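> here is my input; please provide its structure:
(chains A and B)
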Protein chains: 2
Amino acid sequence: MTAELANNSTSEPVSIFISAPGKIILHGEHAVVHGKTALAAGLNLRSYLCLKEKDSGRLHLNLPDIDLERSWDVLELQEQFRDLLNSDVMEVKPSVEIMQRLRLFLGYSDTETTKRLAVMAFLYLYLCIAGRNGKFPILDTLVSSALPPGAGLGSSAAFSVCLAAGLLTWAKAIIPLSSSDNTLDWSREDMELINTWAYEGERVIHGNPSGIDNSISVHGGAIEYRQKVITPLENMPELSILLVNTCVARSTKELVAGVQRRHDKYPKVYGPILDSIEEISQECKRTLQALKTGESLDKDGAFKSLGELVDINQQLLYVIGVSHPAINNIVRSAAAYKIHAKLTGAGGGGCVFALLPPDIPKDSVKALQADLFRHNYESWITSLGAHGVMMHRSKETLLGDGLLLPESFLKYA
Amino acid sequence: MTAELANNSTSEPVSIFISAPGKIILHGEHAVVHGKTALAAGLNLRSYLCLKEKDSGRLHLNLPDIDLERSWDVLELQEQFRDLLNSDVMEVKPSVEIMQRLRLFLGYSDTETTKRLAVMAFLYLYLCIAGRNGKFPILDTLVSSALPPGAGLGSSAAFSVCLAAGLLTWAKAIIPLSSSDNTLDWSREDMELINTWAYEGERVIHGNPSGIDNSISVHGGAIEYRQKVITPLENMPELSILLVNTCVARSTKELVAGVQRRHDKYPKVYGPILDSIEEISQECKRTLQALKTGESLDKDGAFKSLGELVDINQQLLYVIGVSHPAINNIVRSAAAYKIHAKLTGAGGGGCVFALLPPDIPKDSVKALQADLFRHNYESWITSLGAHGVMMHRSKETLLGDGLLLPESFLKYA
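Have a look, this model is predicted:
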């Protein structure tokens, strides 16, 4: 790979295109709260950033997915946040004080909505990263996503990762490297810097996130997470999946509290169930790695095992009380086509994924999608083990890469 | 209690009425095969024996439930099995040789049907027990049962217990004691003798049974069984239940083998699930005993726990692959009325029971029974922790005891 500044090497206004994946929890949701392992993998439904520098006008943020459009006078920002100009982006700032000032500046009370949190995260990253050359730039910022928001698929992390990567690239704090004809990425150190800032963005939105979502969105592939330690999984094969959104809203907090309550009442009954889920994660990890590395492996047998583990875990998640009639319906519909599905994330609604082994009849998947559609469930055929954050040379190359681009991005970018 | 020979004290032909309960597994089915605890309780659906001595005619066996009626010439039996006359019924005979001779006498091949096994068990017990006075008596023997056969409810054990108790009583090897106005039972030693012979009857039918079914049918109440040791549970409260027959036939052998197969493939995943089931049994035992003995206990809370444990275990039995769509349907129907139900026994069909706490609205139970009836499922409101084998003074007292007497018994006794 050769260092390359993309379309940033001329004096023309800079346009930066970035995309970053979502994530799903393969196994270990809820058990992870009780010290067990969670396996998470990059989901190839991505968020997309288009960052355009302008000579005049206002700093502009457009998030069409949540119907948000805001703009600010850059001179006013310069006035209010002068101390952040020329700051060294390599040193991540403690965020509490700046967040307080941001809240004041924006006139936000404590109660924060999705829109306000998105604005806060954007302005926070912009102020900390983009004032490197002694002034704040005038940027048109568009982020839109193929990820449904609030469905536990890491859409906020993908948002933060896109912003961090875009702003750091714009500020030349990181240097894009050619990775394919159409895409660029960054050195390992630069990726770590993106991840650090993305985590700061996640903190603005979520308070005290685990760091799983931003790590996967930056690095792609899959990770294992246990007792606050994130370990990348080597040799994650790309897996085709069907992702289904129940569109049932739920409170992760209440679901976690419910499991805790049941566990407190019958610790000896629920304890072993969480142990069993731990072993499902371990067995899945071994099977995935064998699938990627094992040459003489019985691939059909490995996919059969992955499906069985999905079934057992879904049933155990049902036992610990985090399923939902909508989830059960989707799982049953899938089972009718011999497709193995489980909830992913907090449960109680949210999303369900089904593994699609290579030999699965395409007609079965189509028929299942039609059944789901009849019951008003949205579904996507996509893949796990997605490539992490990357830069795209242009809007045109994005179109050619077979990605599920959100319509709003095509409209505004 | 005073020793009393019931209606056996005159020289008139003897009529002996005996009943013995079935059983259900409360918790621990399948786990018990892997060394865990099973809790089993007497089920107040009973089998009924009417034994009448005659001066002339043939030895007669009538089992109307399985449409079987057979008779034998007593002199011919005397000829063939002369060595068994005057035998000491206190010493239980090894059965293999006698069974071979019986098969020959009856002209049975190796392949044995329910009818043939019932005839074998009857004749085996008759020959070993009833020839005590130097000749075989001419008996009219009627056994009929409120227990559906082949549903895992211990109907064959209740059959053997009735026969053993009736024949031992007829032979005056055991002495009935007055226990209530209408019923009699026996001393602890005599009950053990009934149990020993009943187990022999069970061996004729099942080959190598655990001994749980006959123990409960003799002693009533509840037992815990673990690694071939049967321990009676002190302080078993009587629990009202709804018993539902799926009428789905299943092979216990295949279901056990299926669990074994899954356990062999993922021992670390299924092992903790069986551990969890063990803890459900222990928790249920503690709760039952607290319910019976705990004066200051929160009874509603205890019944709530019993229901929750039933739910969790049903779900874990689903996970280990021994549920069945019919079972799932019944469990879901019950859940719609906030009634907690689980399969009992081998699963894959067979029976489901639901706990009926004292405060359950009668209308809910009625509505559930109506729902079940609409789906062609037979159901009975009955109780657990039933009284073990007992003798009834007459047919009339049986009618007055509020028992669910089978119609066939009323017709023929």
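> CA atoms for contacts and neighbours, from now on please.
Noted.
> what about A:I330, neighbour count?
27 (other C-alpha atoms under 10 Å in any protein chain shown).
> gap between it and A:E29?
Using C-alpha to C-alpha, to the nearest Å, one gets 19 Å for the distance from A:I330 to A:E29.
> same check, this time on A:S144
As defined by C-alpha to C-alpha, A:S144 lies at a distance of 27 Å from A:E29.
> so who does the nearest residue to A:S281 once chain neighbours are set aside touch?
In space, and not counting its chain neighbours, A:S281 is closest to A:H27: 5.5 Å by C-alpha to C-alpha, 6 or more residues apart in numbering or on different chains. Shown in contact with A:H27 (C-alpha atoms under 8 Å, 6 or more residues apart in numbering or on different chains): A:38-40, A:277, A:280-281, A:310, A:313, A:344.
> just the buried ones from the residues you listed?
A:38-40, A:277, A:280-281, A:310, A:313, A:344 (16 or more other C-alpha atoms under 10 Å in any protein chain shown).
> in chain A, which helix is the longest?
Determined from DSSP state H, the single longest helix within chain A is helix A:267-293.
> and that helix, which residues are buried?
A:268-285, A:287-288, A:290-291.
> helix or strand next in line after that helix, which one?
Next helix or strand after helix A:267-293 toward the C-terminus (DSSP states H and E): helix A:299-319.
> show residues contacting that following helix.
By C-alpha under 8 Å, 6+ apart, helix A:299-319 touches A:27, A:273, A:277, A:280, A:284, A:287-288, A:291, A:323, A:339-343, A:355, A:357, B:312, B:315-316, B:318-319.
> all helices of chain A, in order?
Going by DSSP H, chain A shows helices at A:74-80, A:95-106, A:114-129, A:155-170, A:188-206, A:212-219, A:252-265, A:267-293, A:299-319, A:325-336, A:362-374, A:395-400, A:407-412.
> ends of stretch A:331-341, how far apart?
With C-alpha to C-alpha, one end of stretch A:331-341 sits 5 Å from the other.
> A:D363: neighbour count?
10.
> residue contacts, A:D213?
When contacts are counted by C-alpha under 8 Å, 6+ apart, A:D213 touches A:22-23, A:154, A:157-158.
> put the buried members of those residues into a ChimeraX selection.
In ChimeraX, this line selects whichever of the contacts of A:D213 come out buried by 16+ other C-alpha under 10 Å:
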select /A:22,23,154,157,158
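> of the contacts of A:D213, closest to chain B?
If you rank the contacts of A:D213 by distance to chain B using C-alpha to the nearest C-alpha, A:K23 comes first, at 24.9 Å.
> so that closest one sits right up against A:S47, yeah?
No. A:K23 is beyond contact range of A:S47, at 11.3 Å (criterion: C-alpha atoms under 8 Å).
> where does the stretch 301-413 of chain A come near chain B, residue by residue?
Proximity of the stretch 301-413 of chain A to chain B (C-alpha under 8 Å from any C-alpha of the partner chain) is limited to residues A:312, A:315-316, A:318-319.
> run a quick neighbour tally on A:D298.
Neighbours around A:D298, by other C-alpha under 10 Å: 12.
> so who does the residue lying closest to A:H387 once chain neighbours are set aside touch?
Distances taken as C-alpha to C-alpha, 6+ apart put A:G220 closest to A:H387, at 4.7 Å, once the chain neighbours are dropped. Contacts here follow C-alpha under 8 Å, 6+ apart; on that basis A:G220 touches A:21, A:41-42, A:385-389.
> over to A:A198?
By C-alpha under 8 Å, 6+ apart, the neighbours of A:A198 are A:157, A:160-161, A:163-164, A:214.
> what about it, distance to A:F136?
From A:A198 to A:F136 the distance is 20 Å (C-alpha to C-alpha).
> how about A:K292?
For A:K292, the distance to A:F136 (C-alpha to C-alpha) stands at 46 Å.
> still on that earlier bit, want to throw the helices of chain A into JSON lines with mean pLDDT?
Shown next, in JSON lines, are the helices of chain A (pLDDT from 0 to 100):
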{"stretch": "helix A:74-80", "mean pLDDT": "94"}
{"stretch": "helix A:95-106", "mean pLDDT": "88"}
{"stretch": "helix A:114-129", "mean pLDDT": "94"}
{"stretch": "helix A:155-170", "mean pLDDT": "97"}
{"stretch": "helix A:188-206", "mean pLDDT": "94"}
{"stretch": "helix A:212-219", "mean pLDDT": "95"}
{"stretch": "helix A:252-265", "mean pLDDT": "95"}
{"stretch": "helix A:267-293", "mean pLDDT": "95"}
{"stretch": "helix A:299-319", "mean pLDDT": "96"}
{"stretch": "helix A:325-336", "mean pLDDT": "96"}
{"stretch": "helix A:362-374", "mean pLDDT": "97"}
{"stretch": "helix A:395-400", "mean pLDDT": "82"}
{"stretch": "helix A:407-412", "mean pLDDT": "86"}
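> in CSV: these, plus distance to B:L255.
Formatted as CSV, the helices of chain A follow (distance: least, C-alpha to C-alpha, whole Å):
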stretch, distance to B:L255
helix A:74-80, 71
helix A:95-106, 59
helix A:114-129, 51
helix A:155-170, 44
helix A:188-206, 48
helix A:212-219, 41
helix A:252-265, 30
helix A:267-293, 21
helix A:299-319, 17
helix A:325-336, 21
helix A:362-374, 29
helix A:395-400, 53
helix A:407-412, 52
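> out of those, nearest to B:M90?
helix A:267-293 (45.0 Å; C-alpha to C-alpha).
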